[in-house]
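[1] Predicted model and sequence follow; I will ask about them next.
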Amino acid sequence: MKKDVMLVTGAGQLSMAIARRVGFGKKIILGDKKKENAETITKIMNDAGFDVVPMEMDLSSRESILALIAEGQKYGEIRMLVNGAGVSPSQAPIEAILKVDLYGTAVLLEEVGKVIAEGGTGVTISSQSGWRMPALTAEQDELLATTPTEELLSLPMLQPENIRDTLHAYQMAKRCNEKRVMAESVKWGERGARLNDIAPGIIVTPLAIDEFNGPRGDFYKNMFAKCPAGRPGTADEVANVAELLMGPSGAFITGSTILIDGGATASYFYGPLKPEQ
Ligand SMILES: NC(=O)c1ccc[n+]([C@@H]2O[C@H](COP(=O)([O-])OP(=O)(O)OC[C@H]3O[C@@H](n4cnc5c(N)ncnc54)[C@H](O)[C@@H]3O)[C@@H](O)[C@H]2O)c1
């Protein structure tokens with residue numbers, strides 16, 4: 001029997017929370033570079049009545065993305081996409097962050113945009129981190145939004161001499177995600193589909209715990225202590241936003257990035273988290 005298909009990348013906490021919220025009744029293809037992560041989340045979800053197939057896939061490879069799509073198409077039309085795969089500044093070197101978070105996301109949005117069903121919806125996960133980086137020029141923003149995917153990593157602004165450290169690489173990748181979602185949403189719209197982006201603040205997941213224990217651990221702990229919410233967020237709160245963006249209540253929202261960070265960005269610019277000059 002044919003079923004609506006939901007593609008999910010990254011078998012992490014954010015992906016799972018979103019998939020549990022909106023994936024009922026769908027065939028869910030869950031891709032992760034670490035097959036064991038995909039299998040773990042698959043078991044939890046299938047034990048709770050979902051219909052998940054785990055798959056080894058690498059977001060930084062177009063071939064692997066195409067294989068994920070092809071697997072999904074065996075079961076029916078691709079109606080939903082959740083891109084929750086990614087690596088953080090403490091987990092990977094600059095090159096890997098750009099290849100996975102920036103290039104891989106751009107390729108995924110492009111390829112799924114070629115096959116998404118009418119009425120389909122997608123979300124990708126960027127980060128509040130991109131919001132703290134100073135504004136780029138209008139020309140740089142446009143290059144991030146529209147440069148053909150295979151040329152993205154050759155942009156001068158992404159070359160090693162222009163990327164200070166892994167945090168800067170991550171911020172550029174997440175800024176690119178936002179711009180890419182705007183540009184791709186226009187193409188998705190031509191198919192009657194919508195595409196949005198969620199920029200979370202600190203959400204407790206294994207990725208965030210790696211950050212708490214990494215070189216910027218004190219910075220992160222201070223950030224959630226001094227943000228208006230006074231705590232880190234949970235994956236289920238991110239799923240609340242995804243449910244809006246991916247469901248009928250979000251029908252007029254496309255090409256958007258929604259910031260969900262407990263007010264950390266507001267505090268960074270205008271409150272106690274403002275860096276000392
Ligand atoms: N947790 C946070 O505080 C936070 C904040 C802002 C943004 N984000 C973003 O949310 C996304 C998901 O993060 P999470 O916190 O759920 O992390 P997580 O560590 O729970 O899950 C991420 C998953 O992505 C997988 N992955 C890594 N590289 C991959 C690749 N090349 N191909 C396929 N899978 C790959 C990992 O194996 C892991 O299972 C990331 O893009 C991250 O940058 C997270």
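    Nice, thanks for sending it over.

[2] Around the ligand, pick out the residues from the stretch 1-150 of the chain.
    Contact residues (C-beta under 6 Å from any ligand atom) of the stretch 1-150 of the chain with the ligand: 9-14, 32-34, 37, 57-60, 84-88, 100, 125, 127. No exception for glycine: its C-beta is placed from N, CA and C like everyone else's.

[3] List the ones among the residues you listed that fall in strands.
    Using DSSP state E, the subset of these located in strands is 9, 32, 125.

[4] Neighbours of the first one, how many?
    A total of 31 residues lie near Thr9 under the criterion other C-beta atoms under 10 Å.

[5] so what's the closest residue to it other than its chain neighbours up against?
    Spatial nearest neighbour of Thr9, chain neighbours left out: Ala85 (4.0 Å); criterion: C-beta to C-beta, 6 or more residues apart in numbering. Contact partners of Ala85, counting by C-beta atoms under 8 Å, 6 or more residues apart in numbering, are 9-10, 12, 15, 31-33, 59, 100, 104.

[6] just those residues: which has the poorest pLDDT?
    In terms of pLDDT, Gly12 ranks lowest among those, with 95.

[7] list the contacts for the nearest residue to Pro275 once chain neighbours are set aside?
    Nearest residue to Pro275 in three dimensions, chain neighbours excluded: Tyr268, at 7.6 Å (C-beta to C-beta, 6+ apart). For Tyr268, the contact set (C-beta under 8 Å, 6+ apart) comprises 132, 274-275.

[8] Would you quantify the distance from the residue nearest to Thr9 to Gly25?
    Plainly put, Ala85 is 23 Å away from Gly25 if you go by C-beta to C-beta, to the nearest Å.

[9] about what we covered before: show only the entries of the contacts of Tyr268 found in helices.
    Arg132 (DSSP state H).

[10] List buried residues within the contacts of Tyr268.
    Burial by neighbour count, 16 or more other C-beta atoms under 10 Å: within the contacts of Tyr268 this picks out Arg132.

[11] what's Leu143 in contact with, if anything?
    Contacts of Leu143 by C-beta under 8 Å, 6+ apart are 155, 157.

[12] how close does it get to Cys176?
    9 Å.

[13] Likewise for Leu244?
    24 Å.

[14] So which of those two has more stuff around it?
    Applying other C-beta under 10 Å to Leu244 and Cys176 shows that Cys176 carries more neighbours, namely 29 against 15.

[15] tell me which element that one falls in.
    Following DSSP states H and E, one finds Cys176 within helix 166-190.

[16] Pull out the CA atoms of the helix or strand following that helix and give them to me as CSV.
    Next in sequence after helix 166-190, counting helices and strands by DSSP H and E, comes strand 194-200. The C-alpha coordinates for strand 194-200 follow below in CSV (Å, rounded to 0.1, in the frame of the first residue of the first chain):
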residue,chain,number,x,y,z
ARG,A,194,6.4,25.1,1.5
LEU,A,195,9.8,25.2,3.0
ASN,A,196,10.9,26.9,6.3
ASP,A,197,13.7,27.0,8.7
ILE,A,198,13.9,26.8,12.5
ALA,A,199,16.8,28.5,14.3
PRO,A,200,17.0,27.0,17.8
